[in-house]
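A.B. asks: coords please:
(2 chains)
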Amino acid sequence: MTTPLHFQTVTELSAALAAGSLTSVALTEAFIARTHAVEARVQAFNSYDTDDALAQARASDARRAAGQALGPLDGIPVGMKDVIAVRDQPLTASSKILAGFVSPYDATVTTKLRAAGVVLWGRLNMDEFAMGSSTENSSTKVTANPYDLSRIPGGSSGGSAAALAAGEAPATLGSDTGGSIRQPAALCGVVGLKPTYGLISRYGLIAYASSLDQIGPFGRTVEDVALLLQAIAGHDERDSTSFKAVIPDYRAALTAPRTHPWRIGIPKEYFGDGLDPEVSAAVQGAIAYYKSLGAEIREVSLPHTPYALAAYYIIATAEASSNLARFDGVRYGHRSAEADNLHALYFKSRAEGFGSEVKRRIILGTYVLSSGYYDAYYGRAQKVRTLIREDFIKAYGEVDVILTPTAPTPAFKRGEKSDDPLAMYLADIYTIGVNLAGLPAISIPCGFTTAGLPIGLQLIGQPFAEADLLAAAYAYDATHDWAKRTPNL
Amino acid sequence: MTYEAVIGLEVHVQIKTRSKMFTRVAAGYGQPENTLTDPTVLALPGALPVMNKAAVDAIIKAGLMLGCEIAPVCKWDRKNYFYPDSPKNYQISQYDQPICIGGTVEIELPGPARNIQGEHKGIPLTRIHLEEDVGKLNHGVGGSLIDYNRAGTPLMEIVSDPALRSADEAYAYLQSIRTSIVYAGISDCDMEKGQLRCDANISIRPVGDTKLGTKVELKNLNSIAFVRDGIAHEIARQIAVTKAGGVIVQETRDYDGIAGTSQSLRSKEMAHDYRYFPDPDLMPVKVDADWKARLAAELPERPFDKQRRFMAAEADGGYALPYTLASVLIPDRELSDWFEQAAKLAGAGRAQAVGNWIVNDLLRELAASATVLATAKVTPAALAELVGLVAAGTLLQHSAKEVFADMVATGEAPAAIVARKGLAAAPTDTAELETWCRDSIAANAKAVAEFKAGKESALNAFKGAIMKAAKGKANPKAVDETLRRLLAAL
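C.D. replies: Below is the predicted model of the structure:
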């Protein structure tokens, strides 16, 4: 039985395009058809433009016919989280405050994907302004987990993970501030990479927390993720925080011979209370597999882990309170019809435009930066951040990568945690430290619960060592067929 | 009880760079509304700032001109407040780690008369930092419009210690800053174009007290005269309020320069909490010794150093200029450089004549023909030559004026103009000159007697008749010599 196009990997589709057995138009049409078939149940897209996608596909086929194909991604549809600017397409961050906004410019990653020949395919739902872990904080729609439509897909990049899992796109981009790529990847049974802070330009990514945000790819396999990373990584002079790193060949690195066996660190702080037994068992199974490959498994300690969540919610909200100030109803986006003076314009436009989680974080962030509170909150959180980073750097003195569960539980029920922000925040307990430390980390599928829900494991790498991290993930991923499982939709 | 004023100034200077502070789009003035914009200027979703290094170069130069310490590391902070002229609703600025620390502004107070130099004094600076300018609101009937052309223009803020004591000192301080900044090519400091703006923090206290009084911030001092007038007005207001038994409240006041009045904008209770924090979109800036040295090498001489040098005796390497000339030349770097070139070419003892020509004639001619020095046809070499001709006696002062007018108009060399127009003073050894002298002596017995009696000025009595006979072209030096020789022989 052949896998339908919409569940094939980018690697497979790329080979078919190169062989001439498939055109980009046929491929794009397949994804459009699949989307039409399942989107009413999955609700992953905020918007898509079939005419635009097919025009891009025709251009790709014309390039290929002329012998000018741009590389392995030429003609491959890629979905974008609705927080990354695509010229002349809507850009909403799933917020009412940006309803109707059309971006007049491309993000740098968009420019890079265009240069790679990608067919930009739709803008994917998310928690409003990337604030959330379930995509329930979207003002547009509630995205379902394709493996159980009554459950959430994770978040904030829930649309990116769900669309991929549901076969509505062969690869997607998301953004990750505290786990927003890895956690939905785990909950939807796909691969998601959060690169090192600075590897990928943030220009054109709507900022939530600038010092933590990073764009990254979702794919069915580690190999697919490596292909996408190749296309979007690299220094950008429009982003002062982008790093001038030498970009290796990530796909070649997957199978590069190793000089020594993997040394894998298991942080004891990540296996404590609150970890679901089925998740724990699946992750232990993966650890055992690595051991069987000859990897050296060592327990390591990241002692400041208990403070990560608090530090994160101070730093991220402080930055967000300032980043979101530009959404004021003056130049673009929602403007209250009720306002008859400047203050009313600000208050009413923002009151009407932002959802409650966004307001909660703006208020929290405003508070922690207030005169007299800065040192106690923001200043202290920055110190904690340094300590957390030092924990990781110290651990990397003895291990190559660190292995943890991605999320403490599988996908939870829609509405289960909506009224309890703190319970929701705990969904990111294993992913947040990585953002504070600026490290790369990947979530890969490592099993399913008895109820059929996907489980992910997280591998955390050293700064700018994505090649090593991907290779470590590939060692597991290439020999397991979790990615071959597809949801019944 | 007598009071003294304590004044600190915050001076904002737009830096003249091609592009804006944090993006590549052009900076400029007078363009159609909202044409100097891009995603970053307009704060579109996802846009990011990238530092303009040329603006950092400029502020380092300003810091070096004003004797500041240049911080080895400085950083960018966000100053958060909502206002429609600020597209991000935060301004990128520098809070606790400015690039320039300390420094001194040398000022010259007014002298007792215009031609007498006043006292010099050093006003300590607190800091200079770099930030971005905001847009402009145009309020009209039925609504307000925003022009973001100015938004994002590099702006430096020069903050003085509360060390100024009078409106005159504040005025001199602002003049001095402007001269230094323009000298270094950092800004044109045109207040009408908003390139230089000034806010003043003013308090009063009984003379002898060391404690600072309650300060009032005075805004909208948008001309250099308004700075002086506004501060004087505010000092008088505070003294009047205090003497009437009132209390000065901490507030921000708006000065109306036309009406000469001020009114309260907001009180301390309404002051913003700017919630400063380091901008996570920008990296700290490290300024190493090489960077500083490269910019130091590009700096011009400080204006008051130049003033001292121009006024110093020739024996000390100066030009022995009187204050009246130096005070006109120095504020204009180009003009003073022009002077110095001409004075060097003219040679020893002639600098003052060069200066006089520039201050009395050149500036008037330029103004009359609405030209600027840079495009003037007359050159320093030509002026030096003219001064030489006069000094040698081959050209009379009043003929020289005519020659100079032609030099300015046509750029022709003075010697050529003299030859073409036949303006050369008469030859010195002609029999004709001797005849005119003899005739004059013969006609003036009284003056002869006076001269013989030792009255030097009696000599002038002969000269009028001689010049008349010579139709103005006699060489006065030769006339003087011939008269003395003939009178001695009598």
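
A.B. asks: how about B:Lys121, phi and psi?
C.D. replies: phi -150, psi 150 (degrees, to the nearest 10).

A.B. asks: How about the contacts made by it?
C.D. replies: Contact analysis of B:Lys121 by C-beta atoms under 8 Å, 6 or more residues apart in numbering or on different chains lists B:106-107, B:109, B:169. (Glycine included, C-beta is placed from N, CA and C.)

A.B. asks: Look up how far B:Glu106 lies from it.
C.D. replies: Plainly put, B:Lys121 is 7 Å away from B:Glu106 if you go by C-beta to C-beta, to the nearest Å.

A.B. asks: Hmm, B:Lys211 is touching B:Arg205, no?
C.D. replies: Yes: between B:Lys211 and B:Arg205 there is a contact at 6.6 Å, judged by C-beta atoms under 8 Å.

A.B. asks: and the two? which has more neighbours close in?
C.D. replies: B:Arg205 (17 against 8; other C-beta atoms under 10 Å in any protein chain shown).

A.B. asks: okay, now the domains of chain B?
C.D. replies: Per automatic domain parsing, the structural domains of chain B span B:3-291, B:301-421, B:431-489.

A.B. asks: Against A:Leu302, how distant is the residue lying closest to B:Thr324 once chain neighbours are set aside?
C.D. replies: Counting by C-beta to C-beta, 6 or more residues apart in numbering or on different chains, B:Thr324 lies nearest to B:Asn115, which is 4.7 Å off, once chain neighbours are set aside. For B:Asn115, the distance to A:Leu302 equals 77 Å [C-beta to C-beta].

A.B. asks: so what's A:Pro106 up against?
C.D. replies: Quick fix: residue A:106 is Asp, not Pro. By C-beta under 8 Å, 6+ apart, the contact set of A:Asp106 is A:85-87, A:114, A:204.

A.B. asks: Go through these and flag which are in strands.
C.D. replies: Within the contacts of A:Asp106, no residue falls in strands by DSSP state E.

A.B. asks: Tell me the spatial nearest neighbour of A:Lys348, not counting adjacent residues.
C.D. replies: Per C-beta to C-beta, 6+ apart, closest to A:Lys348 is A:Ser336, 3.5 Å.

A.B. asks: Ok, B:Asp57 next?
C.D. replies: B:Leu295 (5.9 Å).

A.B. asks: nearest residue to the closest residue to chain A within the stretch 51-200 of chain B other than its sequence neighbours?
C.D. replies: Nearest residue of the stretch 51-200 of chain B to chain A: B:Asn89, at 3.5 Å (C-beta to the nearest C-beta). Spatial nearest neighbour of B:Asn89, chain neighbours left out: A:Ala325 (3.5 Å); criterion: C-beta to C-beta, 6+ apart.

A.B. asks: where exactly do the helices run in the stretch 301-450 of chain B?
C.D. replies: B:303-311, B:323-329, B:333-346, B:351-356, B:363-368, B:380-391, B:397-410, B:414-421, B:431-442, B:445-452 (DSSP state H, counting those that start in this stretch).

A.B. asks: Tell me which of these lies nearest to B:Ala58.
C.D. replies: Nearest of the helices of the stretch 301-450 of chain B to B:Ala58, taken as C-beta to C-beta: helix B:333-346 at 15.9 Å.

A.B. asks: hmm, back to that, the contacts of A:Asp106, buried ones only, as a ChimeraX selection?
C.D. replies: To isolate the buried members of the contacts of A:Asp106 in ChimeraX, using 16 or more other C-beta atoms under 10 Å in any protein chain shown:
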select /A:85,86,87,114,204
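
A.B. asks: got the contact list for A:Leu459?
C.D. replies: Counting by C-beta under 8 Å, 6+ apart, the residues that A:Leu459 touches are A:401-403, A:441-442, A:444, A:469, A:472-473.

A.B. asks: Narrow the contacts of B:Lys121 to just the buried residues.
C.D. replies: Judged by 16+ other C-beta under 10 Å, buried ones among the contacts of B:Lys121: B:106-107, B:169.

A.B. asks: Contacts only, for residue 389.
C.D. replies: Just so you know, I chose chain A. A:436-438.

A.B. asks: think we crossed wires, I meant chain B
C.D. replies: Taking C-beta under 8 Å, 6+ apart, one finds B:395, B:400, B:403, B:414-415, B:418 in contact with B:Leu389.

A.B. asks: And A:Tyr307, by the same measure?
C.D. replies: Neighbours of A:Tyr307 in contact, by C-beta under 8 Å, 6+ apart: A:384, A:387-388.

A.B. asks: cutoff 10 Å now
C.D. replies: A:380-381, A:383-385, A:387-388, A:433, A:436 (C-beta atoms under 10 Å, 6 or more residues apart in numbering or on different chains).

A.B. asks: Correct me if wrong, but it is in a helix.
C.D. replies: Yes: counting by DSSP: H, G, I helix; E, B strand; the rest coil, A:Tyr307 is found in a helix.

A.B. asks: ok so, going back, ramachandran angles for the residue nearest to B:Asp57?
C.D. replies: Torsion angles, degrees, to the nearest 10, at B:Leu295: phi -70, psi -40.
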